[in-house]
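In: Requesting a structural model of the entry that follows:
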Amino acid sequence: MEEAAEALTRGFGLRRLTAGDSLEELTALLHRSYDDHAVAGRVFFASYQSVHDTEHRVCRGECWLAVRGAELVGTVTVAAPYAMPEGYPAPAGAGSFWQLAVDPAYQGAGLGQRLLSAAERRIAALGSAQVVIDTSAEAVDLVGWYRRRGYEPVGSWRWGVTNYESVVMVKDLAPGGLRR
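Out: Numbers count the residues shown, from 1 in each chain. Purely as a prediction, here's the structure:
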């Protein structure tokens, strides 16, 4: 399995979103990637957001695309420091990422881990010593995935665009906290 997953992640490139990239294609990727959550009753914003919403969200940070040739297969948007809403349980100056998504055809192949690692490295390069994220507390597998990668729960949050309580998680990006 590990060999097959490694073989599938070869040939992928990572690049910044450019003006010539299709936000419609990016939005469709997000919808496909988050559809399993929506089917399970967890309405992540990325599962239904409009193209206008995608544009707004990618403009709040740096949007990175995973591509295989001309095919868009993954994405993540990062910002550091991240402007958090008042009361959000996170350390001041932390960076964040959102819209981490992998096309369902490539899920389980290690591409999500590659995007996560790239996001963490970029947040550290932008000067943040910690990264904060949130996800549905009901998405037990996803929460576990982040915990295995060093993220620790620090509180909860409720967004107005989702139908669930989010668990807020933080990871230290200082030496020993950042895995490559």
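
In: Nearest residue to Y88 in space, please, no chain neighbours.
Out: W157 (5.9 Å; CB to CB, 6 or more residues apart in numbering). For the C-beta atoms, the positions are set from N, CA and C on the backbone; glycine is no exception.

In: Same check on Y106?
Out: Using CB to CB, 6+ apart, the closest residue to Y106 is V73 (5.1 Å).

In: hmm, who's touching the one helix or strand that neighbour maps to?
Out: If you go by DSSP states H and E, V73 is part of strand 71-79. For strand 71-79, contacts defined as CB atoms under 8 Å, 6 or more residues apart in numbering pick out 12, 17, 21, 25-26, 29-30, 33, 57-58, 60-67, 95-103, 105-106, 111-112, 115-116, 118-119, 122-123, 126.

In: if I've got this straight, D36 is in a strand?
Out: No. Secondary structure of D36 (DSSP: H, G, I helix; E, B strand; the rest coil): helix, not part of a strand.

In: Identify the residue spatially nearest to it, adjacent ones excluded.
Out: That would be P104: by CB to CB, 6+ apart, it lies 7.4 Å from D36.

In: wait, that neighbour sits on H31?
Out: No. The criterion here is CB atoms under 8 Å, and P104 misses it with H31 at 10.6 Å.

In: Number of residues surrounding the residue nearest to Y106?
Out: When neighbours are counted by other CB atoms under 10 Å, V73 registers 22.

In: so where is the chain shaky, pLDDT-wise?
Out: Low-confidence segments of the chain (pLDDT under 70): 1-10, 175-180.

In: I'm done for today, thanks for sticking with me.
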